[in-house]
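Chemist: got a structure for you, letters missing:
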């Protein structure tokens with residue numbers, strides 16, 4: 001059974017940093033993409049970043065490009081999201097996600113088959 005467990009969220013002041021972790025277990029061998037999404041209060045879930053380890057390709061939303069860095073430790077089966085220069089607009093529940101296969105599109109939530117429970121990130125002004 002697949003489990004994705006996020007950690008690392010919390011409260012931080014604007015301009016600060018946080019690192020989110022997602023411990024993965026039970027993923028099928030065919031899984032090729034992992035990513036981060038977020039849902040801000042009153043808004044729909046949106047794409048943040050993804051990594052396709054079959055090719056090493058990395059994808060970012062324009063809103064986080066240059067501030068956030070996605071990475072994966074294969075030995076630990078853990079996905080990370082380093083978030084720098086945080087601002088209040090980054091306040092959201094952050095979700096880790098993984099695919100069952102190797103989809104062409106990685107920026108939409110429907111491409112992902114497995115989801116974590118989410119971790120809250122709150123950025124104060």
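Modeler: Looks like it arrived, so ask away. The model shown is predicted, which means the values in this text are computed figures rather than measured ones.
Chemist: closest to the centroid, which residue in this structure?
Modeler: residue 36 (1.8 Å; CA atoms, centre = their mean).
Chemist: which non-adjacent residue is nearest residue 33?
Modeler: residue 99 (4.4 Å; CB to CB, 6 or more residues apart in numbering). Backbone N, C-alpha and C define where each C-beta goes, glycine included.
Chemist: what about the one you found, how many neighbours?
Modeler: 21 (other CB atoms under 10 Å).
Chemist: thinking again about what came up before, for the residue nearest to the centre of the chain, phi and psi?
Modeler: phi -120, psi 140 (degrees, to the nearest 10).
Chemist: now do residue 110
Modeler: Torsion angles, degrees, to the nearest 10, at residue 110: phi -70, psi -10.
Chemist: give me the pLDDT for the residue nearest to residue 33.
Modeler: On the pLDDT scale, residue 99 is placed at 97.
Chemist: again with residue 55
Modeler: 87.
Chemist: pull the number of nearby residues for it.
Modeler: 10.
Chemist: ok, the residue located most distally from the centre of the chain - contacts?
Modeler: Most distant from the centre of the chain: residue 125, at 22.9 Å, with distances by CA atoms, centre = their mean. Counting by CB atoms under 8 Å, 6 or more residues apart in numbering, residue 125 touches 14, 88.
Chemist: any buried residues in stretch 106-120, and which?
Modeler: Buried residues in stretch 106-120, counted by 16 or more other CB atoms under 10 Å: 106, 111, 112, 114, 115, 116, 118, 119.
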